[in-house]
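# Got a predicted structure plus its sequence, pasted below:
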Amino acid sequence: MIFAIDPGSEKTGTAVVADDGSLVTKAIVPTPELGDYLSYVYENYPFSHIVMGDGTNHKKLQPLVEQWIARSHRDITFSLTDEKFTTVE
């Protein structure tokens, strides 16, 4: 499964997507609570990859996510994805 993050300044969109592309769960969380929410979601839906949009606030949240991965001691990969023009699309 993949944990997707759409980072925002005050709130952050999240989704868990199954390997077949189906939506498992989604939520909007207060940005300061993202680290705790990652732990909660992982316990319920163990994902193997985190993808984050490279738009608003990703430079602040990327280190938080990478530190969470390191602390979790799990084999979870991370990548950024280009968000340019996604609102228009």
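Sure thing, it's come through.
# low pLDDT regions in the chain?
Low-confidence segments of the chain, defined by pLDDT under 70: 84-89.
# all strands for this protein, in order.
Along the chain, counting by DSSP state E, strands occupy 2-6, 11-17, 23-30, 49-53, 77-81.
# could I get these as a markdown table with mean neighbour count?
Placement of C-beta: from N, CA and C, glycine included. Shown next, in a markdown table, are the strands of the chain (neighbours: other Cβ atoms under 10 Å):
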| stretch | mean neighbour count |
| --- | --- |
| strand 2-6 | 21 |
| strand 11-17 | 18 |
| strand 23-30 | 13 |
| strand 49-53 | 19 |
| strand 77-81 | 13 |
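# which one of those lies closest to Tyr42?
strand 2-6 (7.7 Å; Cβ to Cβ).
# Count the neighbours of Gly35 for me.
14 (other Cβ atoms under 10 Å).
# ok, so what distance separates it from Leu64?
Separation of Gly35 from Leu64 (Cβ to Cβ, to the nearest Å) stands at 6 Å.
# same check, this time on Val41
Counting by Cβ to Cβ, the gap from Val41 to Leu64 is 15 Å.
# TSV for the strands of the chain, including distance to Trp68?
Below are these laid out as TSV (distance: least, Cβ to Cβ, whole Å):
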stretch	distance to Trp68
strand 2-6	10
strand 11-17	13
strand 23-30	14
strand 49-53	9
strand 77-81	10
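# residue contacts, Glu83?
Contacts for Glu83 (Cβ atoms under 8 Å, 6 or more residues apart in numbering) come out as Asp6, Gly53, Asp54, Gly55.
# same question, Leu34
With contact taken as Cβ under 8 Å, 6+ apart, Leu34 is in contact with Ile5, Thr12, Thr14, Leu61, Leu64, Val65.
# go with 10 Å
Ile5, Pro7, Lys11, Thr12, Thr14, Leu61, Leu64, Val65, Trp68 (Cβ atoms under 10 Å, 6 or more residues apart in numbering).
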